[in-house]
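Enquirer: Compute the structure for the input listed below.
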Amino acid sequence: MSGAELTLNSPESTAPTRSFALPESVRRPTWLRGLVLPALILTLLEAAVRLGWVPAHLMPAPSQLLGTFQELAEGPLWQHIAASSKRVFAGFAIGTVLALALGAVVGLSKKAEDYIEPTFQALRAVPGLAWVPLLLIWLGIDEASKITLISIGAFFPVYMNLVAGIRDVDRKLVEVGTMYGFPHAKLIRRIFIPAATPYLFTGLRQALSMSWLCVVAAELLAATQGIGYLLTDGREVSRPDLVFVAIILLAALGKLTDTVLRTWETASLSWRDAYDGKKS
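Expert: I've put the predicted structure just below:
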């Protein structure tokens, strides 16, 4: 037997090579990619302000914004965050509950759609700020007007997506369920709810984003606490650093709440085998 054959047939050459590679999620945490663009923008802004390309009194450097944030954190910052968050969650909850009830009725009943849908489509075209004067006249400047405005903003995204989800159910699935003798409640539970849930989560995420927009509109007009009040205060005292800190807070809180909702969506829709984009 030749030397080459001995080498090929030896135990060392035939033994499988063990790999101890880490999972891809550990080796390359994909969530870090989302930090690249903000880090790049902050670096460029810092350099532009320090080099004098951008006037510091118009665009504060990120390092100055950090100092302003630390200053606010020792004072009323957390009260402002808590006030805005309570309004957002209360308005979002009220708007969502109403949208679920009315969206289910309109989605499941053609007759209800004929009566309700034209009015809702007309109201949906009214900008949120257009409701502010009327709400101030009716409800005053207390919390009721602010929460009502947020509820209006949160209502329509959930309502529209829920109706679209119900109407997008495959007719054949409904016919099969009817053929097997499913009562109406079972049809809703076994067919309509699973099919409409992805649409519903899309509506919820849009409604949550709209809630943060509406709370700023409400607090800009009449508030003594809240992130919108910080924006107004920064404008009145000509401090752009306060305005930018408030904008960054809104972005961070909006992203945080959306991430929570998206995590819930992923867990609830884990049964789907949907395309999630190319990973390269």
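
Enquirer: Quick check: pLDDT value at Ala61.
Expert: Note on Ala61: pLDDT of 87.

Enquirer: Buried residues in stretch 128-140, which are they?
Expert: Using 16 or more other CB atoms under 10 Å as the test for burial, stretch 128-140 gives Gly128, Trp131, Val132, Leu135, Leu136. To be clear about C-beta, it is placed using only N, CA and C from the backbone, and glycine gets the same treatment.

Enquirer: Redo those residues as CSV? Include pLDDT, distance to Leu58 and secondary structure.
Expert: Compiled in CSV, the buried residues of stretch 128-140 are given as follows (pLDDT from 0 to 100; distance: CB to CB, whole Å; DSSP: H, G, I helix; E, B strand; the rest coil):
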residue, pLDDT, distance to Leu58, secondary structure
Gly128, 83, 29, helix
Trp131, 90, 33, helix
Val132, 86, 29, helix
Leu135, 88, 34, helix
Leu136, 85, 33, helix
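
Enquirer: Just name the closest of those to Pro194, please.
Expert: For the buried residues of stretch 128-140, the minimum distance to Pro194 (CB to CB) is 32.3 Å, reached by Gly128.

Enquirer: quick one: contacts for the closest one?
Expert: With contact taken as CB atoms under 8 Å, 6 or more residues apart in numbering, Gly128 is in contact with Leu149, Ile152, Gly153, Met210, Leu213, Cys214, Ala217.

Enquirer: Return the set of buried residues in the host helix or strand of Ala93.
Expert: Here Ala93 sits within helix 77-108, counting by DSSP states H and E. Under the neighbour-count criterion of 16+ other CB under 10 Å, helix 77-108 has 77, 80-81, 83-92, 94-96, 98-100, 102-104, 106-108 buried.

Enquirer: for stretch 68-79, same thing?
Expert: In stretch 68-79, counting by 16+ other CB under 10 Å, buried: Thr68, Phe69, Leu72, Leu77.

Enquirer: any weak-confidence spans in the stretch 1-150 of the chain?
Expert: 1-29 (pLDDT under 70).

Enquirer: circling back to that earlier point, among the contacts of Gly128, pick out the one closest to Glu46, please.
Expert: Looking across the contacts of Gly128 and measuring by CB to CB, the closest to Glu46 is Leu213, at 28.6 Å.

Enquirer: from memory that closest one sits against Gly153, does it?
Expert: Yes - contact between Leu213 and Gly153 holds when scored by CB atoms under 8 Å: they sit 6.6 Å apart.

Enquirer: For those two, indicate the residue with more neighbours.
Expert: Gly153 (26 against 15; other CB atoms under 10 Å).

Enquirer: Spatially nearest residue to the more buried one (excluding sequence neighbours)?
Expert: Counting by CB to CB, 6 or more residues apart in numbering, Cys214 is the residue found nearest to Gly153 once chain neighbours are left out, at 3.8 Å.

Enquirer: how many neighbours does that neighbour have?
Expert: Using other CB under 10 Å, Cys214 has 29 neighbouring residues.

Enquirer: going forward can the numbers begin at 33, since that is how I track them
Expert: Yep, numbering from 33; the last one is Cys246 now.

Enquirer: Following the chain past whichever strand or helix holds it, name the next helix or strand.
Expert: Secondary structure assignment for Cys246, by DSSP H and E: helix 225-253. For helix 225-253, the following helix or strand on the C-terminal side (DSSP H and E) is helix 259-268.

Enquirer: Next up, the contacts around the spatially closest residue to Gly127 that is not a sequence neighbour.
Expert: Sequence neighbours aside, Ala186 is the residue nearest to Gly127 in space, at 3.2 Å (criterion: CB to CB, 6+ apart). For Ala186, the contacting residues are Gly123, Phe124, Ile126, Gly127, Thr128, Ala131, Ala239, Leu240, Met242, Ser243, Cys246, by CB under 8 Å, 6+ apart.
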